[in-house]
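Colleague: Give me coordinates for this.
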Amino acid sequence: MTTAVPQPRGGTEGPSARAGLRSLAVALLLGAAGAAVALLASRQGWTAGTATVPGGDFPLTAKGSEVTGVPAALAVVGLAALVAVFAVRRSGRVAVAALLTLCGAGTVVAAVLGASDSGALDERAAEVSGDTSATVQALSHSGWPYVAAVGGLLILLAGLLALRYGRLWPAMSGRYERDGTPRRRAAAPVDPDRPEDLWKALDRGEDPTRQDG
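Modeller: Residues are numbered from 1 along each chain as shown. Got it, this is the predicted structure:
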C-alpha cells in the first residue's frame, strides 16, 4: 500500500513566479546599466580633427551629445519606460515594454550612425576658420559611439524581457488600488437599545456586542 505524498499548494505557479522575479531583476539591471552606459558615453569625445586657420591647424573635438543627442534622449526615455512598466497593467504594460524595446533599438542605431558622422566637427571648423565651406581635416573617431551602442543593446534586452515576462511582474500601484474589499473605518458608537444601530453594525461586519475599552 502506498501513501500519497501531499503536494505543496500553488506548485504550478511556483516556477512562473520564480521566472518572473528572475526576469524582473535582470531587466532592471540591464535597463539601468544600459541607460547609465549610454548617457556616460554620450558625454565623451566621439570625433576629433583639425581645422585650417591663418595661424595654422586648430585642433577640434566633439562629444557624443554634440554629434547626436538621440542616444542620450532615448536612454532617458527608456529608463522612464522601465519604471513605468510597474505602474501599468495588461495592454498598457505591453505598450510600455514595446516603447522600452524601441528606445534600446533606436539608441543602438543612432550610436552606430554617429560613429562615422563628421557634421559636428565641420560646423565647428567653419566657425573657427570663418569659412562656411571649411571642413575638418585628419578626422578620427573614438570607440565611445560603440560603447553607447552597447548601452542601447542592454536597454533593448530589458525591453524584450519586459515583453516576454512583464505579465508576471508585480505592479507598483497594486497596493494603492481598490481591490473590492471594504476599507476599515472607525466604528460608529452602537446603542444596544436601538435595533437599527445593531443592524448597521452587522452590515459593516462589526460585532455590536463588543465593548471598546
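Colleague: mind showing which ranges of this protein have poor pLDDT?
Modeller: In the predicted model of the chain, residues 1-14, 133-134, 172-213 satisfy pLDDT under 70.
Colleague: Sketch out the strands for it, chain order is fine.
Modeller: Taking DSSP state E as the test, the strands found in the chain are 45-53, 56-63, 137-141.
Colleague: ok and the longest one relative to strand 56-63, angle-wise?
Modeller: Following axes from the mean of the first three to the mean of the last three C-alpha atoms, to 10 degrees, one obtains 160 degrees for the angle between strand 45-53 and strand 56-63.
Colleague: Could you export the strands of the chain to TSV, including columns for mean neighbour count and distance to G152?
Modeller: No exception for glycine: its C-beta is placed from N, CA and C like everyone else's. Output for these, formatted as TSV (neighbours: other C-beta atoms under 10 Å; distance: least, C-beta to C-beta, whole Å):
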stretch	mean neighbour count	distance to G152
strand 45-53	20	15
strand 56-63	15	17
strand 137-141	14	17
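Colleague: can you list those strands in a markdown table and add distance to A80?
Modeller: Listed next are these as a markdown table, based on distance: least, C-beta to C-beta, whole Å:
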| stretch | distance to A80 |
| --- | --- |
| strand 45-53 | 25 |
| strand 56-63 | 23 |
| strand 137-141 | 30 |
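Colleague: Of all those, which one comes closest to G106?
Modeller: Nearest to G106 among the strands of the chain is strand 45-53 (17.4 Å), distances taken as C-beta to C-beta.
Colleague: hmm, back to that, out of the strands of the chain, which comes closest to V147?
Modeller: Comparison of the strands of the chain against V147 by C-beta to C-beta identifies strand 45-53 as nearest, at 9.9 Å.
Colleague: quick check: angle from the helix ranked longest in the chain to strand 56-63?
Modeller: In the chain, taking DSSP state H as the definition, the longest helix is helix 14-42. Interaxial angle, helix 14-42 versus strand 56-63 (the same axes, to 10 degrees): 160 degrees.
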